[in-house]
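[1] I'll drop the sequence and a predicted model, then ask my questions.
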Amino acid sequence: MRWEKQGLIYAPDGSSSWARSHAMMPTPLMMPDGRIRVYIGSVDKKTVGRIGYVDVDAHNPTKILRVCSQPVLDIGAPGNFDDNGVVPSCILRRGTEIWLYYVGFQLGTEVRYRMFSGLAISQDGGDTFHRKQTSPILAQGAGESLFRTAPWVMPDGDGWVMWYVGGDEFIHSHGKWLPTYLLRRIESPDGIVWPRTGDPMFELGGEDEIGFGRPCVIKGHERIRMLYSIRSRTGAYRLGYAESQDGETWSRRDHCLGLDISNSGWDSQMTCYASVLKSTPETLMFYNGNDYGRTGLGVATLVNGAL
């Protein structure tokens, strides 16, 4: 496959107190009127994240139609798993509701932070969201005591399946402590109650890889595809790609993705946190570039291959 970059869409201009910078973890949703709403995480001056959105034209996704003025989901109450920031991860429609699976951050003392996953639900078409519960839907488990995060959820028969990031360790690399984690898979009867541990899908490759970022899973006619982020010991990400017949056993084919860093500009050092939207005139990939989304949100169009 090959992706053609369309360019940078949006980065906060710093004028909003809750969105000084970043457009992290783009999570697109097709709206009834044909526009695409891309949910993002932006941060304040203390780098505490809140979830907002940018509406773009489906026929020209670099054209901004609207930027929200207030967060659709704020941080959690003090002491909760998401009291130091929230960013989106996966969104889907369930009947008249919209379900948003998100990442919650909490600062630590012996470790820098912890990340667990929450669920928020909108009953007004995606303008505001309210937590299903104040506790995480993915809580601590064996081998996943620090991170159970970045979920991607899909219906699977009579139930639901999730691919996510799980781990329990920081490592010291290039002068700072970085989290290390694997991609995992679990199943649920209702999309709310999930097992305490998941099954790892594949191991890290080589000495330079230390973790994987938010998966995006696409079901096709012949196979299931996954885009994910690969973190190196420098902390930088590149996008990766894998294929599966059943969603459980995966074959890494990173070289087949067809999108890498640019020679210069906003995504010249990093590509990460991709999310694909197929229900448009074209298949679109929304993704982040340098510094985990500080430089903004961009888009690429699939021009060779099928998903």
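    Yep, that arrived. Everything quoted here is computed from the prediction, not taken from an experiment.
[2] When you work out contacts or count neighbours from here on, use the C-alpha atoms and nothing else.
    Will do.
[3] Quick one: residues contacting the one residue sitting closest to the centre of the chain.
    Geometric centre of the chain, nearest residue: Ser89, 3.8 Å, by C-alpha atoms, centre = their mean. For Ser89, the contacting residues are Met25, Pro26, Thr27, Leu100, Tyr101, Tyr102, Val103, Ala150, Pro151, Trp152, Arg214, by C-alpha atoms under 8 Å, 6 or more residues apart in numbering.
[4] A helix includes the last one, no?
    No: for Arg214, which was evaluated using DSSP: H, G, I helix; E, B strand; the rest coil, the result is coil, with no helix membership.
[5] you'd agree it is up against Pro151?
    Yes: with contact defined as C-alpha atoms under 8 Å, Arg214 and Pro151 form a contacting pair (6.9 Å).
[6] Switch the contacts of Ser89 over to CSV; also include secondary structure, neighbour count and pLDDT.
    Below are the contacts of Ser89 laid out as CSV (DSSP: H, G, I helix; E, B strand; the rest coil; neighbours: other C-alpha atoms under 10 Å; pLDDT from 0 to 100):
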residue, secondary structure, neighbour count, pLDDT
Met25, strand, 31, 98
Pro26, strand, 31, 98
Thr27, strand, 26, 98
Leu100, strand, 26, 98
Tyr101, strand, 26, 98
Tyr102, strand, 27, 98
Val103, strand, 28, 98
Ala150, strand, 30, 97
Pro151, strand, 29, 97
Trp152, strand, 22, 98
Arg214, coil, 24, 95
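[7] Grab the two from those residues that are most spread out in space.
    Spatial extent of the contacts of Ser89 (C-alpha to C-alpha) is set by the pair Leu100 and Arg214 at 14.3 Å.
[8] Which neighbours do Arg214 and Pro151 have in common?
    Common neighbours of Arg214 and Pro151, using C-alpha under 8 Å, 6+ apart, are Ser89, Tyr164, Val165.
[9] just to revisit the earlier point, which secondary structure state is assigned to the residue nearest to the centre of the chain?
    Taking three-state DSSP, the label given to Ser89 is strand.
[10] how close does it get to Pro155?
    As judged by C-alpha to C-alpha, to the nearest Å, Ser89 and Pro155 stand 16 Å apart.
[11] and Pro28, what is it in contact with?
    Counting by C-alpha under 8 Å, 6+ apart, Pro28 touches Ile36, Arg37, Val38, Tyr39, Ile91, Ser275, Val276, Leu277, Phe286.
[12] Please name the nearest non-neighbouring residue to the second one.
    Nearest residue to Arg37, sequence neighbours excluded (C-alpha to C-alpha, 6 or more residues apart in numbering): Asp55, at 4.3 Å.
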